[in-house]
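> Quick one, fold the following:
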Amino acid sequence: MTAGPRYEYEDETGETVLVRPAREEDYDAVAAFTSETWADRGVDDYIGDVYREWIADDDGETRQTFVADVGADAPTTDLGGIVQVTTLSGYEAWAQGMRVNPDYRGRGLAKRLSDATFRFAREAGASAIRNMIFSWNVASLGLTRDTGYDPGIEFRWVHPEPGADAEADSDLRVEAGGDADPDAAWSFWTGSDVRTDLKGLVLDPEETWALSSLTRERLRDAANDGRLLVVRGGGTRGFAYRNRTYDRENDDGETETWAEYAVGAWARDDAEAARAVVAAVSRDAAAAGADRTRVLVPEGPRWVTDAAVARADPAEQPTFVMEADLT
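Take a look at the predicted model:
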């Protein structure tokens, strides 16, 4: 059996539930109860695609995929749910992929799985744990609150079109590559409304679809790698940095390269800086060979309309990050 912590709980019916590490033998059961998660939206669930990768990376100390085993003589493949928890820094943890088997809903299994992630994160030294919920997923939003999370932040993806000739029609200058000053970006960040609205969170550099606290070191790493973009003009007016590039198959079965930016930041009421940041991202994405982009910005009428004026297409809906204090 896979090494890692095991937690026993009593569910709402008084039956014992063993929350244990997921195993290779559990794949068929997990794939079966997650396959129709978002069938009503015409969207495939990703759990079956990443399951084997998840359990291969589990180490029982900093990352663990858990299943709720409801069999009479565990371990069995009679599973009531799944979740993964991973540490992102010395004090931050991230939970993802919470799914409850429809056959076992109403037994409080989501609460038991969340409790297990909280315990694991605390034992790993984390003082906060977060997760991401799409704003359209009303059922999960309520469930997340019921299982111990509080409201965290709200953000929206915006999507500048890659373009080597993108211009902002502005006198502001953009420092890129080796010319970008990470300390200037950090100084701007620490006093910005973007940082306040995001509570200091940006996309994590290692864990996909996760957010963690921006650090000065990350900006320095981005500058050293030529991924940092800093907008200047009478002082620092904004910045962005490329987090990663990755390939994804589109609806037509074609592979597209995406450039992902951990945050797009500019001063409130500074639409000129917003246009300069967006144009810089467009040029950088084109240089990186990207077909599409996504940039994280805070949710709110000012930020989203700034992006829209700058011709960075906003996503239709925002996304929520929930958080729980583990101290």
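> got the contact list for residue 19?
For residue 19, the contacting residues are 6, 7, 8, 9, 66, 67, 68, 69, 112, 113, 115, 116, by C-beta atoms under 8 Å, 6 or more residues apart in numbering. Every C-beta, even on glycine, is put in place using the N, C-alpha and C of the backbone.
> what element comes up after the longest helix anywhere in the chain heading to the C-terminus?
Counting residues, the longest helix in the chain under DSSP state H turns out to be helix 271-287. Downstream of helix 271-287, the next assigned helix or strand under DSSP states H and E is strand 292-298.
> about what we covered before: who are the packing partners of the longest helix of the chain?
Judged by 3 or more C-beta pairs under 8 Å, 6 or more residues apart in numbering; DSSP states H and E, the packing partners of helix 271-287 are strand 150-160, strand 173-176, strand 228-232, strand 236-249, strand 255-266, strand 292-298, helix 301-309.
> Can you add mean pLDDT, mean neighbour count and distance to residue 48 and give those back as a markdown table?
Output for the helices and strands packed on helix 271-287, formatted as a markdown table (pLDDT from 0 to 100; neighbours: other C-beta atoms under 10 Å; distance: least, C-beta to C-beta, whole Å):
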| stretch | mean pLDDT | mean neighbour count | distance to residue 48 |
| --- | --- | --- | --- |
| strand 150-160 | 98 | 19 | 24 |
| strand 173-176 | 96 | 19 | 40 |
| strand 228-232 | 98 | 26 | 37 |
| strand 236-249 | 97 | 20 | 15 |
| strand 255-266 | 98 | 22 | 20 |
| strand 292-298 | 98 | 23 | 24 |
| helix 301-309 | 96 | 17 | 33 |
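> that older thread, in TSV: the contacts of residue 19, plus distance to residue 208 and neighbour count.
Formatted as TSV, these follow (distance: C-beta to C-beta, whole Å; neighbours: other C-beta atoms under 10 Å):
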residue	distance to residue 208	neighbour count
6	27	14
7	26	17
8	32	12
9	30	17
66	19	28
67	21	27
68	24	28
69	27	26
112	26	25
113	21	28
115	25	16
116	22	24
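> Of the residues you listed, which belong to helices?
Secondary structure assignment by DSSP H places 112, 113, 115, 116 of the contacts of residue 19 in helices.
> pLDDT value on the last one, please?
The predicted local distance difference test score for residue 116 is 97.
> ok, now which ones touch it?
Applying C-beta under 8 Å, 6+ apart, we find residue 116 in contact with 5, 7, 19, 66, 83, 85.
> separation between residue 221 and residue 205?
8 Å (C-beta to C-beta, to the nearest Å).
> care to break this structure down by domain?
As assigned by automatic domain parsing, the chain contains the domains 7-126, 155-316.
> Put together CSV for those, with distance to residue 325 on each row.
Listed next are the domains of the chain as CSV, based on distance: least, C-beta to C-beta, whole Å:
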stretch, distance to residue 325
domain 7-126, 10
domain 155-316, 13
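> Which of these comes out lowest on mean pLDDT?
Across these, domain 7-126 gives the lowest mean pLDDT, at a mean of 92.
> end-to-end on that one?
End-to-end distance for domain 7-126: 18 Å, by C-alpha to C-alpha, to the nearest Å.
> what is the rounded mean pLDDT of stretch 133-143?
Averaged across stretch 133-143, the pLDDT comes to 91.
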